[in-house]
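Participant: Following is a predicted model, sequence given first.
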Amino acid sequence: MDKEIEAITSGTVGFFWPISESGEINEEPERGFVSKADSGRFEIRTLNEVPDAAISFSPNKPRPKAIVSMFPEGSAVFLNISRHSGKSTFGGRRASAFSYTSRMAISGFPVEELNRGKLDVRVRELRAHFPGISQWAGLKVSNIQHEKKSDGRLRAAILRLESPEEIVADLGSLSLVIGGHWEVDNNEDRTSVYSPVSIGVKAKRPRDVSELLKVLLRVQDLVNVAYDTFVHVDGGTAIMGVEAEPARHPRFWTDSLMEGPVNRISSKEKKGIPLFSLADLKGAQGISRWVRLYDEFPSAFDAVAAPYRLGGMTWHGYLRETAIGMERLIAASKRKGRPAWTKEKLVSLALARRVGDPFVGLVVDVDKWAALFWGVYNGGKHQASYDPDPRDIMTLAISGNLLLMAYLLHRCGMSKNSLSDMLQNRVSYQIRDRIKELVKNPPVGLQPNSSR
């Protein structure tokens with residue numbers, strides 16, 4: 001880990017300059033302490049050493065756009081300030097103090113920029129490092145060749161590290177870049193190699209960091225779906241707008257990319273084989289379509305991707321969010337031209353028929369499945385006494401979410417053959433059998449009265 005990022009995550013003292021929305025800076029810094037909390041966010045506590053401010057402090061004090069810091073180990077800028085507060089004390093035995101919470105930090109900020117009248121904290125480029133997804137990306141950074149003696153025993157191992165040719169996709173005013181990153185730490189007899197896949201967003205002109213971070217979050221959502229778990233980012237580099245060609249690229253940390261839900265973190269090192277690859281989406285253009293379509297159908301994409309970030313969700317909630325995602329996707333599609341396939345009475349049936357054979361192979365009878373799914377959704381929404389077997393709710397929720405996922409991936413460029421493979425590999429044979437059995441022989445009482 002970068003020494004500056006390591007310092008602010010473990011805790012260090014420093015000087016802090018809050019930056020206003022207009023880029024204005026107070027000449028006198030606030031003195032205080034920063035560390036990373038259990039939530040993954042940075043907590044900054046500073047002393048209020050201005051007597052007048054201690055008397056007149058107001059909770060309406062404007063939230064800073066950013067905070068520049070200089071500390072014994074280096075410098076950083078804290079962005080995405082999510083909370084700020086203060087406590088005023090006049091007399092007594094306690095000091096007046098300010099508190100800030102930041103969701104992102106970029107190391108190595110050029111503190112000489114503080115001499116300017118206004119400070120630009122916008123960003124030109126962010127590159128996130130995804131360990132363990134080279135099989136999904138189809139990129140290999142490291143290669144080891146072994147040499148053997150005549151008796152078959154190992155004589156030598158040759159390690160070659162080489163950044164593969166970058167894959168670039170257009171995102172309007174931004175560019176998506178997929179490539180490799182490697183580092184070697186030669187510490188006497190403990191040489192270590194770090195060679196993750198690098199996925200970045202570049203802008204021709206400096207942009208607010210939230211615009212670039214949003215794209216990386218969408219890409220991470222896609223990778224999460226591919227591995228059916230939260231795939232954490234464990235590092236990354238940035239280029240600030242004030243320093244277009246830095247001597248070394250600053251590193252960044254943000255909780256949204258690097259801190260997943262607690263119940264998913266335990267499996268982060270055991271991602272296994274992805275359900276689909278970047279090649280199945282026709283390369284970087286498939287990711288570009290995923291990012292664009294997320295803005296077009298946010299509820300549908302959230303129903304598929306959000307559970308990997310949120311962690312625990314009841315099966316009733318999972319089914320409900322999936323059905324809402326379907327409804328809003330169909331409604332948005334109708335507004336864009338009312339295609340014929342959206343005119344089915346049940347939106348679940350419209351999607352099932354649109355996906356076609358890959359989903360038929362999972363449920364056998366799409367008409368019965370669609371009626372059952374939508375009836376259970378309406379029963380849970382409108383009938384307080386409706387209480388079906390939770391296992392049946394689980395089965396329908398999983399199959400409905402798979403249908404929505406299949407449709408979205410198909411829109412991103414995945415072929416129906418690849419969809420069939422993905423759907424078969426996504427769930428165990430026990431779940432597949434249970435889906436078919438539930439559709440063939442639904443138990444009495446599963447369909448609410450209004451849906452029979």
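Facilitator: Yep, it's here.

Participant: Excluding covalently adjacent residues, which one is nearest to Ala305?
Facilitator: Asp221 (3.8 Å; CB to CB, 6 or more residues apart in numbering). (C-beta placed from N, C-alpha, C; glycine too.)

Participant: Around the one you found, count how many other residues there are.
Facilitator: If you count neighbours by other CB atoms under 10 Å, Asp221 ends up with 22.

Participant: Quickly note the distance from the residue nearest to Lys36 when sequence neighbours are not counted to Gly74.
Facilitator: Once flanking residues are discounted, Lys36 sits nearest to Thr9: 4.1 Å by CB to CB, 6+ apart. As defined by CB to CB, to the nearest Å, Thr9 lies at a distance of 13 Å from Gly74.

Participant: ok now do Pro206, which residues does it touch?
Facilitator: 120, 122-124, 240-242 (CB atoms under 8 Å, 6 or more residues apart in numbering).

Participant: ok, now Arg155?
Facilitator: So Arg155 contacts 147-149 (CB under 8 Å, 6+ apart).

Participant: make it 10 Å
Facilitator: 146-149 (CB atoms under 10 Å, 6 or more residues apart in numbering).

Participant: Same check on Gly200?
Facilitator: Contacts of Gly200 (CB under 10 Å, 6+ apart): 125-129, 166, 168, 175-179, 181, 212, 215-216, 219, 236-239.

Participant: Mind jotting down where the helices sit in the stretch 101-250 of the chain?
Facilitator: 134-137, 209-227 (DSSP state H, counting those that start in this stretch).

Participant: Find residues that contact each of Thr9 and Gly74.
Facilitator: Asp2.

Participant: ok so, going back, any chance of the contacts of Arg155 in CSV, plus distance to Asp255, pLDDT and neighbour count?
Facilitator: Shown next, in CSV, are the contacts of Arg155 (distance: CB to CB, whole Å; pLDDT from 0 to 100; neighbours: other CB atoms under 10 Å):
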residue, distance to Asp255, pLDDT, neighbour count
His146, 41, 87, 9
Glu147, 45, 87, 9
Lys148, 47, 87, 10
Lys149, 50, 87, 9
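
Participant: now, among those residues, which is nearest to Val439?
Facilitator: Closest approach to Val439 among the contacts of Arg155 (CB to CB): His146, at 52.4 Å.

Participant: ok, the closest one to Gly152 distance?
Facilitator: 11 Å.

Participant: in stretch 390-405, what's buried?
Facilitator: 392-405 (16 or more other CB atoms under 10 Å).

Participant: Can I get those in TSV including distance to Arg31?
Facilitator: As requested, the buried residues of stretch 390-405 are exported to TSV (distance: CB to CB, whole Å):
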residue	distance to Arg31
Asp392	60
Ile393	55
Met394	54
Thr395	59
Leu396	58
Ala397	52
Ile398	54
Ser399	58
Gly400	55
Asn401	51
Leu402	54
Leu403	57
Leu404	52
Met405	51
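
Participant: Turn the residues you listed into JSON lines, including pLDDT, secondary structure and distance to Arg289.
Facilitator: Output for the buried residues of stretch 390-405, formatted as JSON lines (pLDDT from 0 to 100; DSSP: H, G, I helix; E, B strand; the rest coil; distance: CB to CB, whole Å):
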{"residue": "Asp392", "pLDDT": "93", "secondary structure": "helix", "distance to Arg289": "35"}
{"residue": "Ile393", "pLDDT": "93", "secondary structure": "helix", "distance to Arg289": "32"}
{"residue": "Met394", "pLDDT": "93", "secondary structure": "helix", "distance to Arg289": "31"}
{"residue": "Thr395", "pLDDT": "94", "secondary structure": "helix", "distance to Arg289": "30"}
{"residue": "Leu396", "pLDDT": "94", "secondary structure": "helix", "distance to Arg289": "28"}
{"residue": "Ala397", "pLDDT": "95", "secondary structure": "helix", "distance to Arg289": "26"}
{"residue": "Ile398", "pLDDT": "94", "secondary structure": "helix", "distance to Arg289": "25"}
{"residue": "Ser399", "pLDDT": "95", "secondary structure": "helix", "distance to Arg289": "25"}
{"residue": "Gly400", "pLDDT": "96", "secondary structure": "helix", "distance to Arg289": "23"}
{"residue": "Asn401", "pLDDT": "95", "secondary structure": "helix", "distance to Arg289": "20"}
{"residue": "Leu402", "pLDDT": "95", "secondary structure": "helix", "distance to Arg289": "20"}
{"residue": "Leu403", "pLDDT": "96", "secondary structure": "helix", "distance to Arg289": "19"}
{"residue": "Leu404", "pLDDT": "97", "secondary structure": "helix", "distance to Arg289": "16"}
{"residue": "Met405", "pLDDT": "96", "secondary structure": "helix", "distance to Arg289": "15"}
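
Participant: show me what contacts Glu437?
Facilitator: Contacts of Glu437 by CB under 10 Å, 6+ apart are 364, 395.

Participant: Could I get the phi/psi values of Val68?
Facilitator: phi -90, psi 140 (degrees, to the nearest 10).

Participant: now Tyr407
Facilitator: According to degrees, to the nearest 10, Tyr407 has phi -60, psi -50.

Participant: doesn't Thr322 make contact with it?
Facilitator: No. Contact criterion CB atoms under 10 Å: Tyr407 and Thr322 do not qualify, at 11.5 Å.

Participant: Between these two, which has more neighbouring residues?
Facilitator: Thr322 (28 against 22).

Participant: I figured the more buried one hits Val376, correct?
Facilitator: No. Contact between Thr322 and Val376 fails when scored by CB under 10 Å: they sit 11.2 Å apart.

Participant: if I look at the two, which residues touch both of them?
Facilitator: 396-397, 400.

Participant: Specify which member of the residues you listed is nearest to Leu310.
Facilitator: Once CB to CB is applied, the member of the shared contacts of Thr322 and Val376 that ends up nearest Leu310 is Ala397, at 14.7 Å.

Participant: so where do the strands sit in the stretch 101-250 of the chain?
Facilitator: 123-130, 142-148, 154-161, 167-171, 174-180, 183-185, 192-194, 197-207, 236-240 (DSSP state E, counting those that start in this stretch).

Participant: Just send these back as CSV, with distance to Ala303 too.
Facilitator: Shown next, in CSV, are those (distance: least, CB to CB, whole Å):
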stretch, distance to Ala303
strand 123-130, 23
strand 142-148, 37
strand 154-161, 40
strand 167-171, 23
strand 174-180, 24
strand 183-185, 38
strand 192-194, 35
strand 197-207, 23
strand 236-240, 28
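
Participant: closest to Gly283 out of these?
Facilitator: So among the strands of the stretch 101-250 of the chain, strand 167-171 is nearest, using CB to CB, at 6.1 Å.

Participant: Neighbouring strands of that closest one in the sheet, and parallel or not?
Facilitator: strand 174-180 (antiparallel) (DSSP bridges).

Participant: Surely Ala352 and Val360 touch.
Facilitator: Yes. Applying CB under 10 Å, one finds Ala352 in contact with Val360, separated by 7.9 Å.

Participant: who touches both of those two?
Facilitator: Joint contacts of Ala352 and Val360 (CB under 10 Å, 6+ apart) are 366, 369.

Participant: Number of residues surrounding Asp357?
Facilitator: 11.
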